[in-house]
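Asks: got a predicted model here, sequence first, then my questions.
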Amino acid sequence: MRLLIDNAALVAGIAPAGVPRLCGAQMERFGVMERGWVLVESGRIAGVGEPGREPRADRVLDAGGGAVLPAFCDSHTHIVYAGSREGEFMDKIRGLSYEQIAARGGGILNSVDLLRRTSEEELYRQAMERVGEMTAFGTGCAEIKSGYGLSTRDEVKMLRVIARIAESSPMKVRATFLGAHAVAREYRGRQEEYVELVCREMIPAVAAEGLADFVDVFCDRGFFTVEQTRRIVETGARYGMRAKIHANELDFSGGVQLGVACGALSVDHLERSGEAEIAALAGSQTVPTLLPGASFFLGMPYAPAREMIDAGLGVALASDYNPGSSPSGNMRMVMSLGCIAMRMTAREALAAATLNGACAMDLSDEYGSITPGKVANLVITKPVPSLDYIPYAYSSPLVRRVLLRGVEQPGL
Ligand code: NIG
Ligand code: FE
């Protein structure tokens, strides 16, 4: 079946094959074609071109003067959770910080209590509602973390839910084991023993069922130290899991330097980053992944995206969709925050939210750009005057159609 998406006013996010990530000034050169078409065949992109040279197809989909973009690649989410935490949202408004809430035993541990009481079936049901919302907003690939179980049984339970999402959703899913998201309540004051549990019991159990692609640690003040993170990441590596590290959200934690030193696929958050962190990332394969939704929601500083890109780094943008610091999976909003709060251009933000995000999940050979041969995960917008309009009109529902593997997805 050949499907021709015709009559696009803009085709953006075009890249040649074999480009894993765009770095520094290359991000501003992410391919944009004014007026064009995209051909889809058997769920993959088969061609891109200008008007007048349209190939023959079995079916034509009129883009109606909208933009055709690669679907978003959201490389950092925590969408398997039970319930919500709007009570803490009000506590924050009344003046408590994220760290103060965590220190009182709330925050992540609240979600842990709730998740342990919730069945696998119910967790799957709640997570699939979020998946439906994300795909309707234009996300085609997502990484999903565990980390609200904090016991071997409950971490495995979460990862089984993620595996079920991967099987049943058209979204491409990568699974990350985040047993070291916080110290479980029953291990309070016995952090070292908890780290031992993660390394000796949880990682082998997760690996035995093949449930995780990656291993993550919340390496930050009040959570896990650099030394503990190193141990967990090295253990994960022995079981075939590459590292993705939560780093430098709350402090200059040393997590960025550790991530680079141990070949992490990405280091994420980076709100507290300066010259040393940027220098450590320069020339490395580790993708700095920025989560401006968390800065927006928690009223924290934003990561220095402008300085990073100007220094040649290839940053990714992700939603961090989770109940405590970013209860939203809207990647268009994330792109707008990248522009408004972090001084990224529209093209840089698009590259960060698509190809570079795919790279942060080790998926950029198949996803993240409009490239013949890649999977046809595409967004078609309403008519827009320019690419810049997309992050500019930050709350207009511009996404008109979403195709994953070449198949149109239901809207909201
Ligand atoms: O990425 N920072 C650590 N973990 C999540 C928040 C999780 C939560 O509060 O439930 C984050 O922001
Ligand atoms: Fe996170």
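Replies: Thanks, I have it. Numbers count the residues shown, from 1 in each chain. Ligands and ions are numbered 1, 2, ... in the order given.

Asks: in the protein, what residue lies closest to ligand 1?
Replies: Closest residue of the chain to ligand 1, CB to the nearest ligand atom: G324 (2.2 Å). Bear in mind the C-beta positions are built from the backbone N, C-alpha and C, glycine included.

Asks: distance-wise, check that residue relative to E408.
Replies: Per CB to CB, to the nearest Å, G324 is found 34 Å from E408.

Asks: ok, the two, which is more surrounded?
Replies: Neighbour comparison, G324 and E408: the larger count goes to G324, with 25 against 13 (by other CB atoms under 10 Å).

Asks: for the more buried one, what are phi and psi?
Replies: Taking degrees, to the nearest 10, you get phi -100, psi -40 for the backbone angles of G324.

Asks: which residues touch the residue of the chain closest to ligand 1?
Replies: Neighbouring residues of G324 by CB atoms under 8 Å, 6 or more residues apart in numbering: R85, E88, Y98, G107, I108, S111.

Asks: could you find the closest non-adjacent residue to the second one?
Replies: In other words, E88. I101 (5.4 Å; CB to CB, 6 or more residues apart in numbering).

Asks: low-confidence ranges, the stretch 251-400 of the chain, go.
Replies: Counting by pLDDT under 70, the stretch 251-400 of the chain contains no low-confidence segment.

Asks: contact residues of it facing ligand 1?
Replies: By the rule CB under 6 Å from any ligand atom, the part of the stretch 251-400 of the chain lying against ligand 1 is A294, D320, N322, P323, G324, S325.

Asks: ok, so of these, who is nearest E122?
Replies: P323 (15.1 Å; CB to CB).

Asks: check contacts around the closest one.
Replies: H78, Y81, G83, S84, R85, S111.

Asks: ok, now with 7 Å
Replies: Y81, S84, R85, S111 (CB atoms under 7 Å, 6 or more residues apart in numbering).

Asks: quick one, helices of the stretch 101-250 of the chain?
Replies: Ranges of helices within the stretch 101-250 of the chain are 108-116, 120-137, 152-168, 191-197, 203-208, 226-238, based on DSSP state H, counting those that start in this stretch.

Asks: could I get the ones you listed as a markdown table with mean neighbour count?
Replies: Below are the helices of the stretch 101-250 of the chain laid out as a markdown table (neighbours: other CB atoms under 10 Å):
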| stretch | mean neighbour count |
| --- | --- |
| helix 108-116 | 21 |
| helix 120-137 | 18 |
| helix 152-168 | 20 |
| helix 191-197 | 17 |
| helix 203-208 | 18 |
| helix 226-238 | 20 |
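
Asks: closest one to I390 among those helices?
Replies: helix 120-137 (12.7 Å).

Asks: hmm, who's touching the closest one?
Replies: Residues from elsewhere that reach helix 120-137 (CB under 7 Å, 6+ apart): 74, 79-80, 82, 115, 142, 157, 160-161, 164-165, 169, 171, 321, 329-332, 399, 402, 404, 409, 411-412.

Asks: which among those residues end up buried?
Replies: With burial judged by 16 or more other CB atoms under 10 Å, the buried subset of the contacts of helix 120-137 is 74, 79-80, 82, 115, 142, 157, 160-161, 164-165, 169, 171, 321, 329-332, 399, 402, 404, 409.

Asks: name the residue closest to the centre of this structure, please.
Replies: Among the residues of the chain, the one closest to the centroid is S75, at 2.3 Å (CA atoms, centre = their mean).

Asks: that one contacts A316, correct?
Replies: Yes - the criterion here is CB atoms under 7 Å, and S75 meets it with A316 at 5.6 Å.

Asks: now do the shared contacts for the two.
Replies: By CB under 7 Å, 6+ apart, the residues touching both S75 and A316 are S266, T289, G357, A360.

Asks: for the first one, grab phi and psi.
Replies: Dihedral angles phi and psi of S266 (degrees, to the nearest 10) take the values phi -150, psi 160.

Asks: farthest-separated two in the residues of the stretch 251-400 of the chain next to ligand 1?
Replies: A294 and P323 (12.0 Å).

Asks: close to ligand 1, is stretch 103-119?
Replies: Yes - with CB under 6 Å from any ligand atom as the criterion, ligand 1 is reached by stretch 103-119 at G107, I108, S111.

Asks: which one of those is nearest to V379?
Replies: S111 (30.4 Å).

Asks: which non-adjacent residue is nearest Y194?
Replies: Y187 (4.0 Å).

Asks: what's the burial count for the one you found?
Replies: Residues lying near Y187 (other CB under 10 Å) number 17.

Asks: and it, how far is that from L150?
Replies: From Y187 to L150 the distance is 8 Å (CB to CB).

Asks: one more: S75?
Replies: In terms of CB to CB, S75 sits 23 Å off from L150.

Asks: now do S386
Replies: Applying CB to CB, the value for S386 to L150 is 47 Å.

Asks: ok, now L350?
Replies: In terms of CB to CB, L350 sits 36 Å off from L150.

Asks: gap between the lengthiest strand in the chain and the chain center?
Replies: Longest strand in the chain, counting residues (DSSP state E): strand 2-14. Averaged C-alpha coordinates place strand 2-14 at 25 Å from its chain's average position (CA atoms, centre = their mean, to the nearest Å).
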